[in-house]
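>>> 3D model of this:
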Amino acid sequence: MVEHTARAFDSDLQELAHKVAEMGGLAEKQIVDAIEALVKHDIALAKRVMAADDQVDERQREVEERAVVAIARRQPMAVDLREIVGALRISNDLERIGDLAENIAKRVILTNELPSSDVILQLDRMVKLALVQLRRVLHSYAQHDLAEALDVWRRDAEIDAMNSSIFRELLTYMMKNPRNITFCTHLLFCVKNIERMGDHATNIAETVYYIVQGHPLSDERPKADITSKRMLPSSV
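This next block holds a predicted model:
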């Protein structure tokens, strides 16, 4: 009976991890599609990104429901409970990443211009790094790879630095020509949303650390973002 219960609980945990992985895949596609819509000013694609956010939200609800059932049925202790709590935390971060991608898609609909080639190149580098961070941290979660999670955690400062660089460039465009202010402001919010995606990947890395080690990561998170006190919150 004990062995059967243990196998059933293992199945519950595997299903939770599978749902989180599905969320990760959906969030990744949201990012890719949102940036493509921004760069190409593709209104139709932007609307599809916005509509697809419901799928990410639905996966999060499924994770929450399965986690509650697992806790109620199994009454897990120690590492098993951390696995469930970790899945809940990670699903929340992935849901927020989906929201941030949706925010970018909304900005596309509000604009009628294309970013300059220089900004596109910087955006491309920043998004690629954010996607690498997300993929690596989800891999670290699936494999319980503490070293990979910590490396993702340390590299968050690289995304912050890119955010600051694009921020300065867009400010320059606005100062040179006031007609650029509206469009560049929309771009500033898009870039900030990407930076926030990196923060959520870092959150996930900290959750992996918690699952594996059994206690929160106590070190101060590395940051290299000069824009936080100069911009409105990314959710505006």
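>>> can you pull the buried residues of whichever helix or strand residue 59 is part of?
In the assignment (DSSP states H and E), residue 59 maps to helix 43-74. Neighbour counts using 16 or more other Cβ atoms under 10 Å place 45-46, 49-50, 52-53, 55-56, 59-60, 62-63, 66-67, 70-71, 74 of helix 43-74 among the buried residues. Backbone N, C-alpha and C define where each C-beta goes, glycine included.
>>> again with stretch 73-90
Going by neighbour count (16+ other Cβ under 10 Å), the buried part of stretch 73-90 is 74, 76, 80, 82-90.
>>> any chance you could map the helices in this protein?
Listed in chain order, the helices found in the chain under DSSP state H are 2-40, 43-74, 78-110, 117-143, 146-154, 156-176, 181-213.
>>> any chance of those in a markdown table, with mean pLDDT and distance to residue 222 too?
Rendered in a markdown table, the data for the helices of the chain read as follows (pLDDT from 0 to 100; distance: least, Cβ to Cβ, whole Å):
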| stretch | mean pLDDT | distance to residue 222 |
| --- | --- | --- |
| helix 2-40 | 86 | 22 |
| helix 43-74 | 94 | 28 |
| helix 78-110 | 95 | 18 |
| helix 117-143 | 94 | 13 |
| helix 146-154 | 96 | 6 |
| helix 156-176 | 93 | 4 |
| helix 181-213 | 95 | 9 |
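>>> okay, how far is it across stretch 101-119, tip to tip?
One end of stretch 101-119 sits 18 Å from the other (Cα to Cα, to the nearest Å).
>>> residues making contact with it?
Residues outside stretch 101-119 that contact it (Cβ atoms under 8 Å, 6 or more residues apart in numbering) are 27, 30-31, 33-35, 37-43, 45-47, 49-50, 53, 123, 166, 169-170, 173, 183, 186-187, 189-190, 193-194, 197, 234-235.
>>> Now do stretch 209-225: distance to the chain's middle.
Centre-to-centre, stretch 209-225 and its host chain are 17 Å apart (Cα atoms, centre = their mean, to the nearest Å).
>>> how many other residues sit next to residue 113?
12 (other Cβ atoms under 10 Å).
>>> so what's it scoring on pLDDT?
Looking at residue 113, its pLDDT stands at 81.
>>> how near is it to residue 71?
In this view, residue 113 and residue 71 are 50 Å apart by Cβ to Cβ, to the nearest Å.
>>> cool, residue 181 as well?
Residue 181 is 51 Å from residue 71, where distance means Cβ to Cβ.
>>> Residue 141 now?
Note on residue 141: its distance to residue 71, by Cβ to Cβ, is 19 Å.
>>> Over to residue 158?
Using Cβ to Cβ, we find residue 158 at a distance of 37 Å from residue 71.
>>> what's the answer for residue 110, then?
As defined by Cβ to Cβ, residue 110 lies at a distance of 42 Å from residue 71.
>>> same thing with residue 23?
If you measure residue 23 against residue 71 using Cβ to Cβ, the figure is 19 Å.
>>> One more: residue 12?
Using Cβ to Cβ, we find residue 12 at a distance of 10 Å from residue 71.
>>> Same check on residue 125?
Using Cβ to Cβ, residue 125 is found at 42 Å from residue 71.
>>> Repeat that for residue 129.
The gap separating residue 129 from residue 71 is 36 Å, by Cβ to Cβ.
>>> cool, residue 219 as well?
Using Cβ to Cβ, residue 219 is found at 30 Å from residue 71.
>>> Residue 77 now?
From residue 77 over to residue 71 the distance is 11 Å, taken as Cβ to Cβ.
>>> do residue 173 as well
Going from residue 173 to residue 71 by Cβ to Cβ gives 52 Å.
>>> Much appreciated, bye for now.
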